[in-house]
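Asker: Dropping the sequence and predicted coords here.
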Amino acid sequence: MKHTIALIVENKPGVLVRIAALFSRRGFNIDSLTVGTTDKPDRARMTITVDGDEVVLEQVTKQLNKLINVIRVSELDPAESVERELAIIKVAARKEDRSEIMQIVSVFRAKIIDVSPRSMIVEVTGSEDKVEAMVRLLRQFGIKEMARTGKVSMVRGSRAVGS
């Protein structure tokens, strides 16, 4: 089962390594990991997506809470959260394919952010499924390069992971 964990940590060198090592020791493969500063420059927020069973995940959560630089750990329920991913995709774009690529981009409410004589760079934001669907459609033209963020997630409503 996929789990999304949000962490608030001290924004210091070495924190990411300690957290990644904890997951590695427990045999968890991290599917995605995003890190960025919060509204407080001395704190960072990590969103980690892992696949695993509930029992081991509970143990990892307890161990994360024991790490000195970890301020808060929360497992996010996808039904109660907003989740997004970003991908930028460089796709081969022959002259005769450009209008079809532009139609696909339009359907997905994505953006063309760069055009060159032989390629286009497309930016798509949305759920993992939306990003995957767009990637599948663009493959027919030839994907030259792709960069994807990990998932970022936030609880809906007034509740917050913070502090």
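Answerer: Yep, that arrived.
Asker: which residues in this protein form strands?
Answerer: 2-10, 30-37, 43-51, 70-76, 81-92, 111-116, 119-126, 143-148, 152-155 (DSSP state E).
Asker: Go through those strands and name the closest to residue 57.
Answerer: strand 2-10 (5.5 Å; C-beta to C-beta). Just so you know, the C-beta spots here come from the backbone N, C-alpha and C atoms, and that holds for glycine as well.
Asker: Next, the buried residues of the helix or strand of the chain with the lowest mean pLDDT.
Answerer: One helix or strand of the chain scores below all others by mean pLDDT, DSSP states H and E: helix 54-66, with a mean of 87. Under the neighbour-count criterion of 16 or more other C-beta atoms under 10 Å, helix 54-66 has 57, 60, 63-64 buried.
Asker: Next one: residue 6 from residue 45, what distance?
Answerer: Using C-beta to C-beta, to the nearest Å, residue 6 is found at 7 Å from residue 45.
Asker: okay, and the common contacts of these two?
Answerer: residue 161 (C-beta atoms under 8 Å, 6 or more residues apart in numbering).
Asker: if we can go back for a sec, pipe the buried residues of helix 54-66 into JSON lines and attach distance to residue 12 per row.
Answerer: JSON lines is the format used below for the buried residues of helix 54-66 (distance: C-beta to C-beta, whole Å):
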{"residue": "57", "distance to residue 12": "25"}
{"residue": "60", "distance to residue 12": "21"}
{"residue": "63", "distance to residue 12": "19"}
{"residue": "64", "distance to residue 12": "16"}
